[in-house]
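J.: fold the following, please.
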Amino acid sequence: MPVRSGWLSPDGQSREDTRLISLGALTPTSRIATRSGILPGSAEGLYRISGFTLYSASTGTMTAAVYPGRAVIQGTDAQGAYPVALTDTLPLTFADGDALYGRIDLVVLRVYDDAYDGSGRTEAAVEIVQGTPAATPAVPATPGLALPLYQVAVAKGTSAGTGGIAWSSALTDLRRSTVAIGGILPVTTDTANGAYPGQFRDNNGQLQRWSGTAWTDYPVLPTWQNWTPAWTTGSGTATPSYGNATVSCRYLKSGTTVHLNFSIQFGTTTDFGTSPTAADNWRFSLPVTAATAQPVIGFAELSASNNGRVMGRVYLATTGTFELTIGTGRVDAAAIASAVQGTVDSLSPWTWVSPYAIRGTATYEAAA
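T.: Sure thing, here's the model as predicted:
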């Protein structure tokens with residue numbers, strides 16, 4: 001039989017057995033236990049798991065083949081882990097379907113060890129655990145010391161003479177992987193806890209790290225967050241306040257890089273400060289402290305109307321605030337008086353009222 005196992009037969013094992021079922025230090029589940037699973041990989045590098053694939057190339061049949069692979073099946077802590085290898089394709093033939101109800105069969109890789117189970121057998125086998133036909137069929141229980149490979153739905157009345165099992169839709173893949181300790185575990189729908197903090201897995205293309213209590217994406221991906229900048233002036237006087245302004249400001253921090261965007265449309269209760277002058281330059285607080293002050297980190301549009309728009313330069317006045325410098329003339333070519341050119345304030349580049357707005361975007365280096 002092409003199913004081989006190591007450290008199982010009371011009569012010893014061959015050199016081929018020893019080479020084929022090499023175990024190594026695999027993913028732990030306790031101080032001495034190993035995660036049961038199939039060793040991942042494929043000859044072409046295309047698949048996470050290719051070992052013990054159940055496949056039928058024929059239609060109108062009740063027979064499929066299990067393809068070669070290597071696996072480890074963990075018994076009790078005292079039993080240890082059983083390495084198993086299937087070295088050649090193995091045909092499996094399923095019983096015909098019930099006349100009234102469908103059923104679900106379970107294909108398992110199973111180890112028999114008479115010293116522990118009293119079965120009278122000391123071998124590994126690939127087996128079909130036949131389910132019970134029912135209006136709503138249930139998956140049969142996995143036997144002890146076995147690794148589930150596939151669920152196979154057998155519809156009522158199915159036989160070779162009626163078209164056989166619909167292999168393209170009848171299979172549910174249950175195979176799980178195991179890897180050497182420290183290796184990245186490839187999974188797709190695995191819900192098992194990690195073995196130790198710092199363990200990594202590839203969950204359907206997303207690298208994850210076990211924190212000790214949960215699997216978390218790694219590296220931690222930055223997300224956009226809301227922030228409301230404090231609105232002050234460089235002079236410290238004529239301090240404005242938002243009132244019922246519409247303030248929509250968001251930022252994202254990735255490492256020491258900060259991206260931000262802001263949109264502030266002033267409302268009817270916005271207060272532009274008491275007796276402001278052109279010296280009371282507006283300042284807005286940053287979401288994250290900057291490494292240094294910078295002359296330019298982005299650009300903004302200053303809007304009084306569809307035609308009354310001006311572009312401005314966003315610069316870091318301090319490591320904690322940014323200001324806006326008027327950078328162009330109005331798009332409608334209306335003159336901007338020299339007294340209200342320069343840095344934006346309550347009077348520059350015009351006297352601000354509702355519903356005027358400022359909108360911009362910037363990127364800068366954070367202090368940490």
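
J.: only C-alpha atoms for contact and neighbour calcs from this point on.
T.: Fine.

J.: got the contact list for residue 277?
T.: 238, 345, 346, 347 (C-alpha atoms under 8 Å, 6 or more residues apart in numbering).

J.: now the residues you listed as TSV including pLDDT and distance to residue 246?
T.: Below are these laid out as TSV (pLDDT from 0 to 100; distance: C-alpha to C-alpha, whole Å):
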residue	pLDDT	distance to residue 246
238	97	21
345	96	18
346	97	17
347	95	20
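
J.: could I get these as CSV with distance to residue 80, secondary structure and neighbour count?
T.: Converted to CSV, the contacts of residue 277 look like this (distance: C-alpha to C-alpha, whole Å; DSSP: H, G, I helix; E, B strand; the rest coil; neighbours: other C-alpha atoms under 10 Å):
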residue, distance to residue 80, secondary structure, neighbour count
238, 77, coil, 22
345, 75, strand, 29
346, 77, coil, 26
347, 80, coil, 19
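
J.: just name the closest of those residues to residue 368, please.
T.: The nearest member of the contacts of residue 277 to residue 368, counting by C-alpha to C-alpha, is residue 345 at 30.3 Å.

J.: wait, the closest one sits on residue 275?
T.: No. Assessed by C-alpha atoms under 8 Å, residue 345 is found out of contact with residue 275, at 11.9 Å.

J.: do you have the strands of the stretch 101-250 of the chain handy? List them.
T.: Under the criterion DSSP state E, counting those that start in this stretch, strands of the stretch 101-250 of the chain are mapped to 103-113, 122-129, 146-154, 171-173, 185-187, 200-203, 206-210, 215-217, 225-226, 231-233, 246-254.

J.: any buried residues in the last one, and which?
T.: Spelled out, it's strand 246-254. By 16 or more other C-alpha atoms under 10 Å, the buried positions in strand 246-254 come out as 247, 249, 250, 251, 252, 253.

J.: any chance of those residues in CSV, plus distance to residue 362 and pLDDT?
T.: CSV is the format used below for the buried residues of strand 246-254 (distance: C-alpha to C-alpha, whole Å; pLDDT from 0 to 100):
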residue, distance to residue 362, pLDDT
247, 16, 98
249, 11, 98
250, 11, 98
251, 9, 98
252, 11, 98
253, 12, 97
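
J.: report the two of those separated the most.
T.: 247 and 253 (19.9 Å).

J.: tell me the contacts of residue 364?
T.: Counted by C-alpha under 8 Å, 6+ apart, residue 364 has contacts 257, 258, 259, 290, 297.
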